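Student: here is my input; please provide its structure:
(2 chains)
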Amino acid sequence: AQSVTQPDIHITVSEGASLELRCNYSYGATPYLFWYVQSPGQGLQLLLKYFSGDTLVQGIKGFEAEFKRSQSSFNLRKPSVHWSDAAEYFCAVGSGGYQKVTFGTGTKLQVIP
Amino acid sequence: ETGVTQTPRHLVMGMTNKKSLKCEQHLGHNAMYWYKQSAKKPLELMFVYSLEERVENNSVPSRFSPECPNSSHLFLHLHTLQPEDSALYLCASSQTTNEQFFGPGTRLTVL
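Tutor: Have a look, this model is predicted:
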């Protein structure tokens, strides 16, 4: 069965600092990987996705993520965080079909001045 | 309207009430989903409708009943809910790959 682990429940960074959110997955074949962001009271918005090809994926809002098969990881990065990035971030893994996308428990990002 | 819309955005209901949540997608997708999001728990997939086929999570209680009259509309009918059903209910849609587009959700409170 596929699974996703986000080991950090809560992260605090200073505005302008770099950010890395960790995501580890378990899946038998080549996974479909996603990062979503959720602002308070809102639905989830797709930041980026990895299906195949280049293992470094660029997304919206200046985010990127790197797929590392050997480490079963898909960490999200941003070189300089803005106060508007404060939100909850979810990593997800899918199988390529309609049915099964498994989400992590989320990492809540706080940005301090 | 664009994307995925959900109504109502907030709902308060008693345990004996019957209500329905509505979702509409304007993206031309052919699969729609209901998720439950509770505090400190992973997003829980409740139901999927794909090309008229319904797939459900067997752990979803029968007091939740989905309806998908066409590829653009999805309903979640609620009856005799429990306080632990209070949560954010999210609708999503997708086409082919797993990339799902989410609505803003309905915040449900059961008294």
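Student: alpha carbons only for contacts and neighbour counts from here, please
Tutor: OK.
Student: shaky segments in the chain?
Tutor: The chain I'm using is chain A. A:96-99 (pLDDT under 70).
Student: was after chain B, sorry
Tutor: Counting by pLDDT under 70, chain B has low-confidence residues at B:1, B:52, B:96-98.
Student: residues near residue 95, how many?
Tutor: As the question left the chain open, I've gone with chain A. Residues near A:S95, counting by other CA atoms under 10 Å in any protein chain shown, number 20.
Student: that was the other one, I meant chain B.
Tutor: B:Q95 has 17 neighbours, counted by other CA under 10 Å.
Student: wait, it touches B:N30, no?
Tutor: Yes. Contact criterion CA atoms under 8 Å: B:Q95 and B:N30 qualify, at 5.6 Å.
Student: enumerate the residues of chain B near chain A.
Tutor: When proximity is defined by CA under 8 Å from any CA of the partner chain, chain B lies next to chain A at B:31, B:40-43, B:48, B:50, B:55, B:90, B:94, B:96-105.
Student: among these, which lie within strands?
Tutor: Judged by DSSP state E, the subset of the residues of chain B next to chain A located in strands is B:A31, B:V48, B:S50, B:V55, B:L90, B:S94, B:Q100, B:F101, B:F102.
Student: nearest residue to A:T105 in space, please, no chain neighbours.
Tutor: Among residues not flanking A:T105 along the chain, B:P42 sits closest, at 4.5 Å (CA to CA, 6 or more residues apart in numbering or on different chains).
Student: measure the one you found to A:T107 for me?
Tutor: With the distance defined as CA to CA, to the nearest Å, B:P42 ends up 11 Å from A:T107.
Student: neighbour-wise, which of the two wins?
Tutor: A:T107 (21 against 16).
Student: for that one, what are phi and psi?
Tutor: phi -130, psi 120 (degrees, to the nearest 10).
Student: need the contact list for the nearest residue to it once chain neighbours are set aside.
Tutor: Nearest residue to A:T107 in three dimensions, chain neighbours excluded: A:I9, at 4.6 Å (CA to CA, 6+ apart). Listed by CA atoms under 8 Å, 6 or more residues apart in numbering or on different chains, the contact set of A:I9 reads A:T105, A:G106, A:T107, A:K108.
Student: quick one: name the residues of chain A near chain B.
Tutor: With CA under 8 Å from any CA as the criterion, chain A meets chain B at residues A:32, A:34, A:41-46, A:49, A:94-99, A:101-106.
Student: same thing but at 10 Å, please
Tutor: Counting by CA under 10 Å from any CA of the partner chain, the residues of chain A close to chain B are A:4, A:9, A:32-34, A:36, A:38-46, A:48-51, A:90, A:92-106.
Student: filter the residues you listed down to the ones in helices?
Tutor: If you go by DSSP state H, the residues of chain A next to chain B have nothing in helices.
Student: hmm, which of these are the buried ones?
Tutor: Among these, those scoring as buried are A:4, A:32-34, A:36, A:38-39, A:42-46, A:48-51, A:90, A:92-96, A:98-99, A:101-106 (criterion: 16 or more other CA atoms under 10 Å in any protein chain shown).
Student: B:R63 versus whatever residue of chain A ends up closest to chain B, what's the distance?
Tutor: Closest contact between chain A and chain B, by CA to the nearest CA, is at A:G43 (4.0 Å). Relative to B:R63, A:G43 is positioned 24 Å away (criterion: CA to CA).
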